[in-house]
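Asks: structure of the sequence below:
(chains A and B)
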Amino acid sequence: RKEVEQDPGPFNVPEGATVAFNCTYSNSASQSFFWYRQDCRKEPKLLMSVYSSGNEDGRFTAQLNRASQYISLLIRDSKLSDSATYLCAASPGGGYNKLIFGAGTRLAVHP
Amino acid sequence: NAGVTQTPKFQVLKTGQSMTLQCAQDMNHNSMYWYRQDPGMGLRLIYYSASEGTTDKGEVPNGYNVSRLNKREFSLRLESAAPSQTSVYFCASSDGVGSPLHFGNGTRLTVT
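Replies: Residues are numbered from 1 along each chain as shown, chains lettered A, B, ... in the order given. Have a look, this model is predicted:
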């Protein structure tokens, strides 16, 4: 089983829709979690960190469920410009200074 | 606002050739990383350097070597390139445990 798993999609949604992605992690010692956005043929860019209490940044909300070992990303009022691949990342815990990435979920927002 | 800079952006090698990918960051970060990205596989960690003077293997280190030249620079060397090393390589840096990674814009490597 991969340490961090995501539904690869693609998720095809109309503009204005709300879409949610989940990402599961296998290591219960994981402490830090992030969502990245990656456009085609570009580098991943940090979208948001994921905190235990959940956090929101405009139309984006990230949540952490430690009991079930998953993180989620909710995008409200989808825009065409949200079309991208969304990567989740988790630290392996144990003080290791690295991130393990999921394979990404592709989102296509259409008019 | 350079952030993380990688060179070269593109490279084509023949099987058996060697090359070094260069990476430099100007954010005074302690930690640096090399990942490769292949379709359907996501980002896989090759090597990382938690701090200047240390390097550790990641998930897929075979066929690669690294050098943490100083706090700013972290290079990745392919001694004898193989077609299986055809990939997009990303360098990244971070402030340390619990901090997000910041990526360079990648090197597209093709080995024929």
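Asks: secondary structure element for the nearest residue to residue B:58 once chain neighbours are set aside?
Replies: Distance criterion C-beta to C-beta, 6 or more residues apart in numbering or on different chains; nearest residue to residue B:58, sequence neighbours excluded, is residue B:45 at 3.0 Å. To be clear about C-beta, it is placed using only N, CA and C from the backbone, and glycine gets the same treatment. Counting by DSSP states H and E, the element that carries residue B:45 is strand B:42-49.
Asks: ok, and what's touching the next helix-or-strand element following that strand?
Replies: As assigned by DSSP H and E, the chain's next helix or strand after strand B:42-49 is strand B:56-57. Among residues not part of strand B:56-57, those counted as contacts by C-beta atoms under 8 Å, 6 or more residues apart in numbering or on different chains are B:47-50.
Asks: closest to residue A:100 out of those residues?
Replies: The closest of the contacts of strand B:56-57 to residue A:100 turns out to be residue B:48 (C-beta to C-beta; 11.5 Å).
Asks: distance of that closest one relative to chain A?
Replies: Here residue B:48 is placed at a distance of 5 Å from chain A (C-beta to the nearest C-beta, to the nearest Å).
Asks: which one of the residues in chain B is closest to chain A?
Replies: residue B:42 (3.5 Å; C-beta to the nearest C-beta).
Asks: tell me the phi and psi of the closest residue to that residue other than its chain neighbours?
Replies: Nearest residue to residue B:42 in three dimensions, chain neighbours excluded: residue A:103, at 3.5 Å (C-beta to C-beta, 6+ apart). Dihedral pair for residue A:103: phi -80, psi -10, per degrees, to the nearest 10.
Asks: kind regards, and thank you for your time.
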